[in-house]
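Novice: Dropping the sequence and predicted coords here.
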Protein chains: 2
Amino acid sequence: MALGTDYAGQDCSLARALEVVGERWTLLVLRDCFFGVRRFTDLRDHLDISRAVLAARLADLVDARLLERREYRPGRHEYVVTPDALDLWPALYALSQWGERHRAPDGPRRIFVHTTCGTTVDATGTCRSCEVTPGPVDLEIRPGPAASPRREDPVSLALREPHRLLTPLPAA
Amino acid sequence: MALGTDYAGQDCSLARALEVVGERWTLLVLRDCFFGVRRFTDLRDHLDISRAVLAARLADLVDARLLERREYRPGRHEYVVTPDALDLWPALYALSQWGERHRAPDGPRRIFVHTTCGTTVDATGTCRSCEVTPGPVDLEIRPGPAASPRREDPVSLALREPHRLLTPLPAA
DNA sequence: ATCAGACGGTTCTATCAACAGACCGTGACG
DNA sequence: CGTCACGGTCTGTTGATAGAACCGTCTGAT
């Protein structure tokens, strides 16, 4: 792969991880996939990313076996997170919590609720009532107090509706 | 800041976090700082990063208040992690654990031990004997079973010696 | 007093990747 | 049969990275 993506000399697992998810846009694409976005055009609309770059990132993620590309209708494809990608949730969540804490003065924009008990998970991702750290499968996303109404495109609206992670958005 | 670093339209805290630490090399620089590397030349030697890029990243990190630049001798500077950066440890650890799990077939290259009880923390960063998740201040780093002897430069050697996180490496 | 060397950068150029926008092939639907 | 949505590819321009050379300051040895 080209220069920008390898950290050849690093004998470190962080470098290995960054070779897969360290490029611009990659983690944002994955986050959207966790939230239920599955289609090329929806990703494109929601992320404001160039088509060429999105196509490249999706191909990389499929190569890395973090996304699976499947045909949901002749000629149309959707991208679904794989088990390998599910294991990335703690990292994704930790990063975004850092952002909430240090770069979001108005409070959280999204909150995550443990579906089996209804409790909001804390900054470490733990449900304090159950004393467990739910995986993405057991989480529901809801708009937080600082959810911004800035974006009004259909994908942003659909994402603001409370829903379980990993469940596809209603087709626009 | 230039195009490469902002995700302007994203009303998401993950995007905010990535604006700070999402660039190439940034997380690797921070990891080295957590491990006790503090000097420009040591970072340069250990990361095999271009001087120009390292200087730019360090300046960005100081601007973002993740590193503090201080003069340890006239004309010489060292970079020390700030409290804001300490909060990034869970994300850094989660990412590197994903790398260990999915991209390191031979087993862990480094292990982290809870200094107060001597137990190795698990993949979530939790010390199972104490039932706590120690912060970087309470962790010691040791080479794991798959620690690679590939690099023989002084910084790599020093990093392979067991030591507490955040404590400066012995001067070469 | 001087000289070498470590340190912490800056500057330069070639190359590579991202961006914006135009274009295109396929299948569904009216 | 024309049109639209979808899922891309192609192109020119701009910005970032790698790699190497160069530079100023301070230290310690001669």
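Specialist: Arrived safely, thanks for sending.
Novice: give the contact list for A:Val155.
Specialist: By CB atoms under 8 Å, 6 or more residues apart in numbering or on different chains, the residues touching A:Val155 are A:37, A:42, A:45-46, A:169, A:172. The way it works is simple: take the backbone N, C-alpha and C, and place the C-beta from them, glycine included.
Novice: Mark which of these are buried, thanks.
Specialist: By neighbour count, with 16 or more other CB atoms under 10 Å in any protein chain shown, those hold A:37, A:42, A:45-46, A:169 as buried.
Novice: and which of the contacts of A:Val155 is nearest to DNA strand D?
Specialist: Compare each of these with DNA strand D using CB to the nearest atom of the strand and the shortest gap goes to A:Ala172, at 5.8 Å.
Novice: And A:Gln10, which helix or strand is it part of?
Specialist: A:Gln10 belongs to no helix or strand when assigned by DSSP states H and E.
Novice: With A:Ala59 instead?
Specialist: With DSSP H and E as criterion, A:Ala59 is part of helix A:51-63.
Novice: Need the mean per-residue confidence for that helix.
Specialist: Averaging pLDDT along helix A:51-63 yields 96.
Novice: quick one, phi/psi of the residue positioned nearest the centre of chain A?
Specialist: Nearest to the mean C-alpha position of chain A, by CA atoms, centre = their mean, lies A:Arg31 at 0.9 Å. Per-residue torsions, A:Arg31: phi -60, psi -50 (degrees, to the nearest 10).
Novice: so which of the contacts of A:Val155 are also by DNA strand C?
Specialist: Applying CB under 7 Å from any atom of the strand, the subset of the contacts of A:Val155 adjacent to DNA strand C is empty.
Novice: Check what pLDDT the closest residue to A:Leu27 other than its chain neighbours gets.
Specialist: Of all residues not flanking A:Leu27 in the chain, A:Val21 sits nearest, at 5.6 Å (CB to CB, 6 or more residues apart in numbering or on different chains). Reported pLDDT at A:Val21 in the predicted model: 95.
Novice: and A:Glu78, how far is that from A:Gly135?
Specialist: Remark: distance between A:Glu78 and A:Gly135 (CB to CB, to the nearest Å) = 21 Å.
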